[in-house]
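Asker: predicted model and sequence below, questions to follow.
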Amino acid sequence: MLFLLPPSETKLDGGSVGSRLDVAALSFDELGGPRRASLALLGEMSADVPSAVLALKLGPTQTHEVERNLRVTESPTMRALARYTGVLFDPLDVTGLTDDAWDWAHRHVVVHSALFGLLRAGDEIPAYRLSHDSKLPRTSLKKLWRTPVSAVLAAVDEPVVDLRSEGYVGLGPAGPRSTYVRVVSDAGDRRRALNHFNKKSKGLFVRALLTDRPALCDIGDLVSWARGRGFVIEPGLETVLVAESVLEASL
């Protein structure tokens, strides 16, 4: 079973000394062509700093992100799951992951990057700035990624649990063996969608998976495992994850 995550706009600097991006070494080598195209377009865009600031929707204190992008093929790399920070990724506490947990994550956790497409947890990537709604020269990220990402996901021979935001789903819908997870708040007699606690709940949910490393063959196995954890997850056309159950069980 694959767990498909969105990326984060915030990322750690740095990486392994002497390392640099090796596109050919990334997982899902079918995406090599669009990866090289997106890197070239990012470099072209970043050469014009004022235009890049607008295209990336950066504030006045964020122009350093353009310099980051100009160095993207030369800067040091680290594993993708360690690169991303923020509300979803901080609960993963990757500095505390064991080797077994990293192995499980690399097999079962995939991050959908606007720059690189699909990445397995252990793929080595540099720091960069590009979001699903960023503007590339002469084309859109949807045109660049939608068909190849969808093709890769459709060919995956195992269930896909889609934890992405809708913006990243637009860059490549998952295949027929996928289930989309919507995080809701169980507020008395009605449920409502969330933003901040949506991301935190997803992070805590994946952290529990990395800790337990369960053998999961289908959504029924996932529901059973979640129930044992105290998480409320309800399968259907969209799988519902109740935020309070994850937040309270993870205290």
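Answerer: That came through fine. Since this is a predicted model, take the numbers as computed values, not measurements.
Asker: so where is the stretch 151-251 of the chain shaky, pLDDT-wise?
Answerer: Residue ranges of the stretch 151-251 of the chain with pLDDT under 70: 188-189, 194-196.
Asker: hang on, residue 30 packs against residue 151?
Answerer: Yes - Residue 30 lies in contact with residue 151 (C-beta atoms under 8 Å); the separation is 7.2 Å. All C-beta atoms are positioned from the backbone trio N, CA, C, and that covers glycine.
Asker: what about residue 93, neighbour count?
Answerer: 12 (other C-beta atoms under 10 Å).
Asker: just give the closest residue to it, not the sequence neighbours.
Answerer: Distances taken as C-beta to C-beta, 6 or more residues apart in numbering place residue 207 nearest to residue 93, at 6.7 Å, with adjacent residues excluded.
Asker: strands of this protein, start to end?
Answerer: Under the criterion DSSP state E, strands of the chain are mapped to 2-5, 78-79, 109-113, 117-120, 124-125, 160-162, 178-187, 190-193, 233-234, 239-242.
Asker: what's in contact with the fourth one?
Answerer: By C-beta atoms under 8 Å, 6 or more residues apart in numbering, the surrounding residues in contact with strand 117-120 are 4, 26-28, 31, 34-35, 38, 80, 106-107, 109-113, 125, 145, 148-149, 152-153, 172.
Asker: now do the contacts for residue 46.
Answerer: Contacts for residue 46 (C-beta under 8 Å, 6+ apart) come out as 52, 66, 69, 70.
Asker: next up, the contacts around the last one.
Answerer: Residue 70 sits next to 43, 46, 47 when contact means C-beta under 8 Å, 6+ apart.
Asker: what of the third one?
Answerer: Residues in contact with residue 69 (C-beta under 8 Å, 6+ apart) are 42, 43, 45, 46, 52, 128, 129, 130.
Asker: so how far is residue 146 from it?
Answerer: 22 Å (C-beta to C-beta, to the nearest Å).
Asker: just the helices in the stretch 101-250 of the chain please.
Answerer: Using DSSP state H, counting those that start in this stretch, the helices assigned to the stretch 101-250 of the chain run over residues 141-155, 166-169, 196-212, 219-229, 243-249.
Asker: done for today, thanks.
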